[in-house]
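Asker: Sequence and predicted structure, then a few things I'm wondering about:
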Amino acid sequence: MKTYTRSIYAALLLGSLTLGSCTKNFNDLNTPPTSVTNIDAAILLSKVQKDAAFAEGTETANIQVGSWVQYWAGGLVAPTSRYIQQPDNNMWAAHYTLLRNLGQIRNQALKGKEEDPSGRTKLAIARIMEIYVWQRLTDLFGDVPFSQTTEDAGNVNNKPVYDSQEAIYKQLITDLDAAIAKLNTSDASYGNADFFYKGSIDSWKKFGNSLKLRLGMRLKYASPTLAEKTVREAMSGPLFTDNKDNAAVPTFNDAQTTNAHPILAQFISGSPDLRYLASAFVNTLNNKKDPRLPFIAAPTVNSRNSGTPVYRGIGVALTDALLAGIIKDDYSTASTTTYFNRTLATPIPCYVFTYADVCFFKAEAALMGWGAAPADAEKFYQDGIKAAMAMQPYNITTIPQAYIDAEFSFAGLTPEQQLERIMTQKWIQLFGRDYEAFAEWRRTGYPVLTPGPNQGSTNGTIPRRAVYSSLETLLNTGNYQQAVKGLSQGDTYLSKVWWDKKQ
């Protein structure tokens, strides 16, 4: 990722506060403006980039989705971690807030500048960000209001229809192609307001095309023909080529909690009961003798006191009886030298999309012969591991030979076993990005995760989607009910989204 100075970030925050003095807060930007006459597109983009990035690794995300994919243990005070269903009001509202902010760039701040060098590329970047958010929203819920939302802020539709996920994905791919085509290196850009790339248009071309690769791969089991076409097109275009291309938002350890990495913020202001990692994750790192283990997990308190450090996770979705027997000092939190460290010399960026992601997608595409030969899959997979190891906070550039010998080769493995290796490494790499990990686990079935013993609302099954906001049942009743008819098991954790087709 590009480097940002504290002064740049402070200036952007000051800009946000200045705008807030006119509108009270950013939520006011989501209602038809009365006194606001000028909206700064740069501030809106900065806010969306930060809020979208941070949302994926907060305590709220970690104890729900992060527990479902078995990074975090969750616990008694986190019912959703124990498969007890609740409507996801905040998750729903947060994504639509991001989309409304981005819609204001298009419909207010830069309206009429679609072909003007002063606005054309800025609008394209905002559209690419919008597609990124839309994909995450539909991946979480399935069918959602899409075509009739984020329109003119002065003419809000409070009863939008729900578009099918299939239709949404097709439109996102079309819209992404159009947005990428609008990127022009001679146009004005966002400069330092762009946390990801400081306005670099070439970097946004890579981001857009890498996002297209992700869109295509998500459709692999639901719409193979469209998936192959989309992936082949993306593979022939500019993609991330090293960790310098990583899209991330900078964080600060010694500033306000709101600017700390979301996992650090969880440590600073979250529940002490929810700091513990899941056994499946810690066991995987232990069994593989993964050099990232001490950077991800802390040794248990009791083992550290005894002089022989041990790493041990807590089981997920435990029953009341099992939870009552847990002695927390026998289990690992996130590492107190990295993620839970306020004095870490180099703060951990909040990653959004990385070169390692792309390498693992390319490896999977190569297995299918989509844009690369199956023989290329192993090299792409190895590149993904190397890139993931080299990222903050691990900074591992020399991987132990024993790990290379055990993990790097595809020799003797079936294509399905190769896929399992790819996705298991991807799961490790996606720690801190719960939503993407949840999508990839559902899409491929890897890594193989065993549900916790608590039956919850799912009869002991790991949830497959988030539940619509309860406000939809009250304010958009007819369209909500129509959408629920398309869900195999209603508006529950057990229904699958459209692309979740692998048997």
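Answerer: Right, received. Where do you want to start?
Asker: so who does T458 touch?
Answerer: Applying CB atoms under 8 Å, 6 or more residues apart in numbering to T458 gives the contacts Y83, Q85, T492, Y493, L494. Every residue, glycine included, has its C-beta placed from N, CA and C.
Asker: let's see it at 6 Å
Answerer: Y83, Y493, L494 (CB atoms under 6 Å, 6 or more residues apart in numbering).
Asker: excluding its backbone neighbours, what's nearest it?
Answerer: In this structure, T458 finds its nearest non-sequential neighbour in Y83, 4.5 Å apart by CB to CB, 6 or more residues apart in numbering.
Asker: what sits against that neighbour?
Answerer: Counting by CB under 6 Å, 6+ apart, Y83 makes contact with A317, G456, T458.
Asker: Save these as a markdown table, and put in secondary structure, pLDDT and distance to E166 too.
Answerer: Below are these laid out as a markdown table (DSSP: H, G, I helix; E, B strand; the rest coil; pLDDT from 0 to 100; distance: CB to CB, whole Å):
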| residue | secondary structure | pLDDT | distance to E166 |
| --- | --- | --- | --- |
| A317 | coil | 98 | 31 |
| G456 | coil | 98 | 29 |
| T458 | coil | 98 | 25 |
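Asker: Among those residues, which one lies nearest to F195?
Answerer: A317 (35.4 Å; CB to CB).
Asker: how many other residues sit next to A193?
Answerer: Neighbourhood size, A193 [other CB atoms under 10 Å]: 22.
Asker: likewise Q70?
Answerer: Other residues within reach of Q70, judged by other CB under 10 Å, total 29.
Asker: Could you list the low-pLDDT ranges of the stretch 1-150 of the chain?
Answerer: 1-38, 150 (pLDDT under 70).
Asker: related to what we said a few turns ago, which one of the contacts of Y83 is nearest to I263?
Answerer: A317 (21.1 Å).
Asker: give me phi/psi at the closest residue to A55 other than its chain neighbours?
Answerer: What sits nearest to A55 in space, not counting adjacent residues and going by CB to CB, 6+ apart, is A94, at 5.8 Å. Per-residue torsions, A94: phi -60, psi -40 (degrees, to the nearest 10).
Asker: Then A334?
Answerer: Per degrees, to the nearest 10, the backbone of A334 is at phi -60, psi 160.
Asker: Quick check: closest non-adjacent residue to it.
Answerer: According to CB to CB, 6+ apart, the nearest residue to A334 is F340 (5.0 Å).
Asker: what does N158 give?
Answerer: Per CB to CB, 6+ apart, closest to N158 is L475, 6.3 Å.
Asker: now do S118
Answerer: S118's closest residue in space is A188 (CB to CB, 6+ apart), at 5.0 Å.
Asker: Tell me the predicted confidence for the one you found.
Answerer: The per-residue pLDDT reported for A188 equals 97.
Asker: mind checking the SS state of it?
Answerer: coil (DSSP: H, G, I helix; E, B strand; the rest coil).
Asker: Please work out how many residues are found near it.
Answerer: When neighbours are counted by other CB under 10 Å, A188 comes out with 15.
Asker: neighbours around N305, how many?
Answerer: The burial count assigned to N305 is 11, neighbours taken as other CB under 10 Å.
Asker: mind checking which helix or strand it is in?
Answerer: helix 301-306 (DSSP states H and E).
Asker: Residues contacting that helix, please?
Answerer: So helix 301-306 is contacted by P309, V310, D329, D330 (CB under 6 Å, 6+ apart).
Asker: gap between the nearest residue to the second one once chain neighbours are set aside and Y311?
Answerer: In this case it means V310. In space, and not counting its chain neighbours, V310 is closest to S303: 3.6 Å by CB to CB, 6+ apart. Distance, S303 to Y311, using CB to CB, to the nearest Å: 8 Å.
Asker: just K170 next, same as before
Answerer: 45 Å.
Asker: Between these two, point out the one with more neighbours.
Answerer: For K170 and Y311, the more surrounded residue by other CB under 10 Å is Y311, and the numbers stand at 20 against 16.
Asker: That one contacts Y331, doesn't it?
Answerer: No - at 9.3 Å, Y311 does not count as touching Y331 under the criterion of CB atoms under 6 Å.
Asker: ok so, going back, flag every buried residue along the helix holding N305.
Answerer: For helix 301-306, the neighbour count (16 or more other CB atoms under 10 Å) marks S303 as buried.
Asker: what is the mean pLDDT for it?
Answerer: 97.
Asker: What is the burial count for the residue nearest to A334?
Answerer: 18.
Asker: How about A402?
Answerer: The burial count for A402: 11, using other CB under 10 Å.
Asker: Surely it forms part of a helix?
Answerer: Yes - using three-state DSSP, the assignment for A402 is a helix.
Asker: Who's the closest spatial neighbour of it, skipping the chain neighbours?
Answerer: Here the residue nearest A402, using CB to CB, 6+ apart, is K289, at 6.7 Å.
Asker: Helix or strand: which one has that neighbour?
Answerer: K289 is part of no helix or strand, with elements assigned from DSSP H and E.
Asker: which strands and helices sit next to the longest helix seen in the chain?
Answerer: Longest helix of the chain, by residue count under DSSP state H: helix 120-141. Using 3 or more CB pairs under 6 Å, 6 or more residues apart in numbering; DSSP states H and E as the contact test, the elements touching helix 120-141 are helix 41-55, helix 89-104, helix 165-182.
Asker: So which of the contacts of T458 sit within helices?
Answerer: Short answer: the contacts of T458 have none in helices (DSSP H).
Asker: For S46, state which of those is nearest.
Answerer: When the contacts of T458 are ranked by distance to S46 (CB to CB), Y493 comes first, at 34.2 Å.
Asker: can you tell me how far the closest one sits from P79?
Answerer: From Y493 to P79 the distance is 12 Å (CB to CB).
Asker: Ok, A265 next?
Answerer: 22 Å.
Asker: Ok, K205 next?
Answerer: 44 Å.
Asker: what does T424 give?
Answerer: From T424 to P79 the distance is 29 Å (CB to CB).
Asker: same check, this time on K111
Answerer: 44 Å.
Asker: Counting neighbours, go ahead and name the busier of the two.
Answerer: P79 (17 against 13).
Asker: Tally up the residues packed near the closest residue in space to the more buried one that isn't next to it in sequence, please.
Answerer: Leaving aside its sequence neighbours, P79 sits nearest to Q86 (CB to CB, 6+ apart; 6.5 Å). For Q86, the neighbour count with other CB under 10 Å is 13.
Asker: Quick check: Q86 vs I105, distance?
Answerer: Separation of Q86 from I105 (CB to CB): 33 Å.
Asker: Same check on G325?
Answerer: From G325 to I105 the distance is 53 Å (CB to CB).
Asker: State the mean pLDDT of the one helix or strand K205 maps to.
Answerer: Assessed by DSSP H and E, K205 sits inside helix 201-218. Throughout helix 201-218, pLDDT has a mean value of 98.
Asker: Can you list the neighbours in contact with it?
Answerer: Outside helix 201-218, the residues touching it (CB under 6 Å, 6+ apart) are 125, 128, 173, 176, 180, 183, 185, 197, 227, 230-231, 234, 237-240, 245, 247, 358, 361, 499.
Asker: Same question for stretch 439-446.
Answerer: V69, D139, E420, M423, R464, D500, K502.
Asker: who wins for most neighbours among those residues?
Answerer: Within these, neighbour counts (other CB under 10 Å) peak at V69, which reaches 27 neighbours.
Asker: how much space is there between the closest residue to it other than its chain neighbours and K501?
Answerer: Spatial nearest neighbour of V69, chain neighbours left out: A437 (4.7 Å); criterion: CB to CB, 6+ apart. Distance, A437 to K501, using CB to CB: 19 Å.
Asker: more neighbours, those two?
Answerer: Applying other CB under 10 Å to A437 and K501 shows that A437 carries more neighbours, namely 24 against 15.
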